[in-house]
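# Give me coordinates for this.
(2 chains)
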Amino acid sequence: MADFGISAGQFVAVVWDKSSSVEALKDLVDKLQELTGNEGRVSVENINQLVQSAHKESSFDIILSGVIPGSTTLHNAEILAEMARILRPGGCLFLKEPVETATVNSSKVKTAPKLCSTLTLSGLVEVKELQRESLSPEEIQSVQEHLGYHSNSLLSVQITGKKPNFEVGSSSQLKLSVAKKSSGKPAVDPAAVKLWTLSANDMEDESVDLIDSDELLDPEDLKKPDPASLRAASCGEGKKRKACKNCTCGLAEELEKEKSRDQMSSQPKSACGNCYLGDAFRCASCPYLGMPAFRPGEKVLLSNSGLHDA
Amino acid sequence: MQGSLGRASMPSPRLLVLFGSQTGTAQDVSERLGREARRRRLGCRVQALDSYPVVNLINEPLVIFVCATTGQGDPPDNMKNFWRFIFRRSLPAASLCHMDFAVLGLGDSSYARFNFVAKKLYRRLLQLGGSALLPVCLGDDQHELGPDATIDPWLHNLWEKVLGPQPVPLDPPGVPWPSKFTLQFLQEAPRTCSEELRVARTDPQGPPSELQPVLAPMVTNRRVTGPSHFQDVRLIEFDVAGSGLSFAAGDVVLIQPENAASHIRQFCQVLGLEPDQHFTLQPQEPDVPCPKQLPQPCSVRCLVSQYLDITSVPRRSFFELLACLSPHEREREKLLEFSSAQGHEELHSYCTRPRRTILEVLCDFPHTAGAIPPDYLLDLIPPIRPRAFSVASSQLAHPSRLQILVAVVQYQTCLKEPRRGLCSSWLASLDPGQGPVRVPLWVQPGGLTFPQMPDIPVIMVGPGTGVAPFRAAIQERVARGQTENILFFGCRRRDQDFYWEAEWKELEKQGCLTLVTAFSREQEQKVYVQHRLRELGPLVWELLDRQGAHFYLAGNAKYMPADVSDALMSIIQEEGGLSGPDAAAYLARLQRTLRFQMETWA
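Numbering: from 1, shown residues only, chains lettered A, B, ... in the order given. Below is the predicted model:
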């Protein structure tokens, strides 16, 4: 028997129709009762009686329909909606139904996608096809017998659906910070909407009177920003000299020493391993700064003028 | 519908980002906003203001406006329609009561009307009933670390306001966002591939525009500054006969430049691209159009020479995307550092301050460059923008000619290779004496309009290359018999950069022009146009106040406009006997009635 995730204390409904064998039904119910224990309950319902029974809404955790071996139960929208109603929020439905796989427009037997959409339209979510299997000869005969339908391209498909996590008619507050504001906002006056729309549909009109946009500005707007505010935060203290990641020219060590000593060591040699990579990777004291990248070992002449700061 | 709310996804306010961008910076910031929103599970749409159906704006709950200010405090081209709409007097005061908004502005505080577009929009949205989430962000090019210095903390506050305090979401390491286009390479060059790389004008009926430029033949390209002068300035003349171009003094001509052959070669080499290979461009998103300037199919050479701006300075998003595409550990680590918030200063001193170009950066990261998928080229590299020049000749004087004055931009930063202006260097490299040269161009109205009435005097202050639009104006006015023209011209030395000296002398003889010169370096102390202006205070006042003269100013944006305005203010006060505030009001009135106009450039 497939695992329906049934645990103790749950209320399970098993729905059957005339295609289901009585022995198999009893068998299933016994097994289910074992699982649900004393706290839970297993109810049995004929599919044609389901709507009339008018079970209390949200009274079942799990509904199994057409899962009895040998069943060829068909589910219509009305039945599925009823099942959705009596399932509690978050409850699961497992059903098994024969479906048509050929692209034939049958009013009796649905295709698998049609079946899934019927479940969705009935109000179930997370509709998933669990498995497909071919029908046994007895089942094919059963379809012919009970449904009056014959086809060679039928499959039995097992589908599950869930009832969404709320009851019809329930409500909860949505945490929309913007929505909170706009819910406190007035709706736009229909007369204003009309005027706006009229105006917007007449964009080409050059003769329309415009207000003087300069009048909108106050003296504060006309002031230029304070030059001090245009400086970078760290400017004025002198730019930090950064060493390369894998500095071989000694700058990294030198920066370390500067922390503890006042005296500066002598200028680092230009034999840093990263000079050829380009300005993005060069250290702050690299004499090749400002020049493009070159191949390692390539001879690059630094002209005298090049050594001056721009 | 029952069960439709099943999946418990995070509630997502719908965010709309609308931008007005002239050079692409505001668009870049907007796309960054979009990525940050998506990382925080916010549904987000990013659109140019003029592409958005403004009729829907009343229904939008949350909108971020990203607006650059360009020209003389003007909105960028792709929000001009929106700008005219939003200031309509007829719009009801409570139209936008449903909207929470924020405004991010991009500007340059060396201009007088710093971030005016963002400031005005902010005020107008409040006036129309919108609620501001934050004060307006004033991104400033003049900040040491650029506009990001202001934008980064402001964005941080924005997300807090919209989502509540949250930890910054962890990015999945190195996953690049999907490219806008795919490049389908062709096995063989298409048969219809012509020598002429430029897309020919298919609609000669309509006026020339960015998508249908005129390929104007260059007639002459002459250096007009002395050989020992520090700057190379060219007087360039185009033949526009039969082009359909129509322009007046005060208009600007837009020129679409190309990359230099050496840069094209270097770029293709570093990326491992074959210049003669052809491809077709396919958009990945349904509503993203292919750039119309590119022919289909296109060659790599055409893409790199005419479309990709490989000598522009990359923005942070370039490093961010490049890091995702990098297969090389050391290079990727450095690219990630540059694109991080903490690495902002490093990025600035490596790239932004020295004006390092995309091509130079790629040469510094060769392993990454060699691995860039061609599909990402248009995401990484922005398109070349056209450059504007004041028209320097009048169609009335020279019907089939168009002249411009171009100062070739070249300066030094800490990089050994000097920085060069793309358009000015390209124009300077063209020699019509060597063979036919054709340049894609079109015209647009500029910021200056000159009076039609015959007796109105015109005072023009145009030092340096600022004199170019006034040369056109004077030619035009003289051709129409308007002879009341006063030109204040300043330059360094009369024998070095005294543009059109002979022409002015001739017009003076004919009585059509009064020329006042200031040669700054010919004496011990600096003499500028504003000094000359003050010296002739009584005359200026007479013309302005008694004869209804128009006053014009053109040239460098940095100090000259403020200095000249100050001189004018003191003339109004001294000659007119007005107090400080009254003089300011007088000048403001002149501006409002278009009797005081400025066209300045940085």
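# Return the distance of the strand or helix carrying residue A:138 from the chain's centre.
Secondary structure assignment for residue A:138, by DSSP states H and E: helix A:137-142. Here helix A:137-142 is found 42 Å from its chain centre; the criterion is C-alpha atoms, centre = their mean, to the nearest Å.
# can you check stretch B:430-440 too?
Worked out by C-alpha atoms, centre = their mean, stretch B:430-440 lies 26 Å from the chain centre.
# Can you pull out the low-pLDDT segments for the stretch 151-300 of chain A?
A:166-186, A:233-243, A:245, A:247, A:258-272, A:297-300 (pLDDT under 70).
# How about the biggest helix by length in chain A, which residues are buried there?
In chain A, ranked by residue count with DSSP state H as the criterion, the top helix is helix A:22-36. Of all the residues in helix A:22-36, those buried under the rule 16 or more other C-beta atoms under 10 Å in any protein chain shown are A:25, A:28, A:29, A:32, A:35, A:36. Every C-beta, even on glycine, is put in place using the N, C-alpha and C of the backbone.
# want to throw these into JSON lines with pLDDT and distance to chain B?
Compiled in JSON lines, the buried residues of helix A:22-36 are given as follows (pLDDT from 0 to 100; distance: C-beta to the nearest C-beta, whole Å):
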{"residue": "A:25", "pLDDT": "88", "distance to chain B": "30"}
{"residue": "A:28", "pLDDT": "88", "distance to chain B": "28"}
{"residue": "A:29", "pLDDT": "89", "distance to chain B": "29"}
{"residue": "A:32", "pLDDT": "88", "distance to chain B": "26"}
{"residue": "A:35", "pLDDT": "87", "distance to chain B": "27"}
{"residue": "A:36", "pLDDT": "86", "distance to chain B": "27"}
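# circling back: the longest helix of chain A packs against which elements?
Helices and strands touching helix A:22-36, by 3 or more C-beta pairs under 8 Å, 6 or more residues apart in numbering or on different chains; DSSP states H and E, are strand A:11-16, strand A:41-46.
# Residue 83 is in what secondary structure piece?
As the question left the chain open, I've gone with chain A. Counting by DSSP H and E, residue A:83 is part of helix A:77-86.
# not quite, I wanted chain B
Counting by DSSP H and E, residue B:83 is found in helix B:80-86.
# list the buried ones in that helix?
B:81, B:82, B:83, B:85, B:86.
# That helix vs chain A: in contact?
Yes - Helix B:80-86 lies within reach of chain A by C-beta under 8 Å from any C-beta of the partner chain, at B:81, B:84, B:85.
# so the second one sits right up against residue A:210, yeah?
Translated: residue B:84. Yes - between residue B:84 and residue A:210 there is a contact under C-beta atoms under 8 Å: 6.8 Å.
# if I look at the residue of the stretch 251-400 of chain B found nearest chain A, how far off is residue B:100?
Using C-beta to the nearest C-beta, the single residue of the stretch 251-400 of chain B nearest to chain A is residue B:364, 3.3 Å away. Residue B:364 sits 43 Å away from residue B:100, going by C-beta to C-beta, to the nearest Å.
# again, but for residue B:434
61 Å.
# just the strands in the stretch 401-550 of chain B please.
Assigned by DSSP state E, counting those that start in this stretch, the strands in the stretch 401-550 of chain B fall at B:401-407, B:410-411, B:419-420, B:438-444, B:458-461, B:485-491, B:514-519, B:550-556.
# same question but for the stretch 101-250 of chain A, I mixed them up
Under DSSP E, counting those that start in this stretch, the stretch 101-250 of chain A gives strands at A:125-134, A:154-162.
# which of those strands sits most buried?
strand A:154-162 (a mean of 20; mean count of other C-beta atoms under 10 Å in any protein chain shown).
# what residues does that strand touch?
A:2, A:67, A:72, A:84, A:90-101, A:109, A:112, A:115-116, A:119-120, A:124-135, A:139-140, A:143 (C-beta atoms under 8 Å, 6 or more residues apart in numbering or on different chains).
# same thing but 7 Å
A:90, A:92-101, A:109, A:112, A:115-116, A:119, A:124-135, A:139-140, A:143 (C-beta atoms under 7 Å, 6 or more residues apart in numbering or on different chains).
# One more: stretch B:85-92?
Taking C-beta under 7 Å, 6+ apart as the rule, stretch B:85-92 contacts A:192, A:195-196, A:199-200, A:203, A:208-211, A:213, B:54, B:124, B:128.
# near chain B, which residues of the stretch 1-150 of chain A?
A:123, A:124, A:125 (C-beta under 7 Å from any C-beta of the partner chain).
# got the residues you listed as JSON lines, with pLDDT columns?
Below are those laid out as JSON lines (pLDDT from 0 to 100):
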{"residue": "A:123", "pLDDT": "85"}
{"residue": "A:124", "pLDDT": "88"}
{"residue": "A:125", "pLDDT": "87"}
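# just to revisit the earlier point, of residue B:434 and residue B:100, which one has the most company?
residue B:100 (22 against 7; other C-beta atoms under 10 Å in any protein chain shown).
# okay but that one is in contact with residue B:64, surely?
No - using C-beta atoms under 7 Å, residue B:100 is not in contact with residue B:64; the gap is 9.7 Å.
# ok so, going back, the helix holding residue A:83 to strand A:11-16, inter-axis angle?
170 degrees (axes from the mean of the first three to the mean of the last three C-alpha atoms, to 10 degrees).
# Give me the helices and strands touching helix A:77-86, please.
helix A:50-53, helix A:112-121 (3 or more C-beta pairs under 7 Å, 6 or more residues apart in numbering or on different chains; DSSP states H and E).
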